[in-house]
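A.B. asks: Sequence and predicted structure below; questions after.
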Amino acid sequence: MANLLANKKRLMILGVVGFVVLFMAYILIPSNLPKPIYIEVSNAQAASGTLPVGEGTAAPVAGSTGQPAAPVVYPKMGDGIMYDAGSRIVNLLDPVGRRYLKVTVVLEFLPPDYSYYNLPEAEREVMRGKVVAKVDARKPVIDDMLTSLLTSKSYEDIYNLDGKNRLRAELQERLTQVIGEPQVIAVYFTDFIVQ
């Protein structure tokens, strides 16, 4: 009987430790990977006397006076600055050398200033041009990194959705290291053929 209670106690402790470890891992997973729940902390009320209402809008808090200084903006994926990194065909890591990957990569960059989302289209285009020029200056480095990373993958690494998501996350991490600023916030595959 004492042995059974000791086993139950150990099992309960392992369960609690496992939950804590999984929770910490979940918190440390990069926010660009899909998660079922997102925890977002916003101090919009304290900063501007407003509470967020819908997308890209703000409403005054009851009892506050005056207009908000700036609306609270929560950009969606795809609202950043897009950059077409081009198409490439690479041999995959394969002992026989018969598999290849044809991929087109589009990168999304975080604008240098959040006011970008409130600017008129003409001013957005100017800011977009500056970011694209900055990235164009690093294009040979980006191309080399993309080719090196893609050729290091095997068919088994990338043939399913999970593999593509891992590749996307790895590309984003490496590009952030290579480019620095502006920050890469998403990697899109607009063409992905493995043969």
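C.D. replies: Sure, I can see it.

A.B. asks: What segments of this structure are helices?
C.D. replies: With helices called from DSSP state H, the chain shows them at 2-28, 44-48, 121-136, 139-151, 155-158, 161-179.

A.B. asks: which sections of this protein are below the confidence cut-off?
C.D. replies: 1, 25-75, 97 (pLDDT under 70).

A.B. asks: sorry, back to before: may I see the helices of the chain organised as CSV, with distance to residue 112 and mean neighbour count added?
C.D. replies: The way it works is simple: take the backbone N, C-alpha and C, and place the C-beta from them, glycine included. Output for those, formatted as CSV (distance: least, Cβ to Cβ, whole Å; neighbours: other Cβ atoms under 10 Å):
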stretch, distance to residue 112, mean neighbour count
helix 2-28, 27, 9
helix 44-48, 20, 14
helix 121-136, 7, 13
helix 139-151, 18, 15
helix 155-158, 32, 16
helix 161-179, 13, 16
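
A.B. asks: closest to residue 99 out of these?
C.D. replies: Minimum separation from residue 99 across those (Cβ to Cβ) falls at helix 155-158, 4.9 Å.

A.B. asks: Convert the C-alpha atoms of the closest one to PDB, please.
C.D. replies: Taking Å, rounded to 0.1, in the frame of the first residue of the first chain, the C-alpha atoms of helix 155-158 are listed here in PDB:
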ATOM      1  CA  TYR A 155      13.200  15.400 -49.200                       C
ATOM      2  CA  GLU A 156      12.100  13.900 -45.800                       C
ATOM      3  CA  ASP A 157      12.800  17.300 -44.100                       C
ATOM      4  CA  ILE A 158      10.400  19.300 -46.300                       C
END
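
A.B. asks: how does the chain divide into domains?
C.D. replies: Domain ranges of the chain: 2-60, 81-194, per automatic domain parsing.

A.B. asks: quick one: terminal-to-terminal distance for the longest one?
C.D. replies: Looking at domain 81-194, the gap from its leading to its trailing residue is 28 Å under the measure Cα to Cα, to the nearest Å.

A.B. asks: could you dump the helices of the chain to TSV with distance to residue 87?
C.D. replies: Output for the helices of the chain, formatted as TSV (distance: least, Cβ to Cβ, whole Å):
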stretch	distance to residue 87
helix 2-28	34
helix 44-48	41
helix 121-136	17
helix 139-151	11
helix 155-158	16
helix 161-179	15
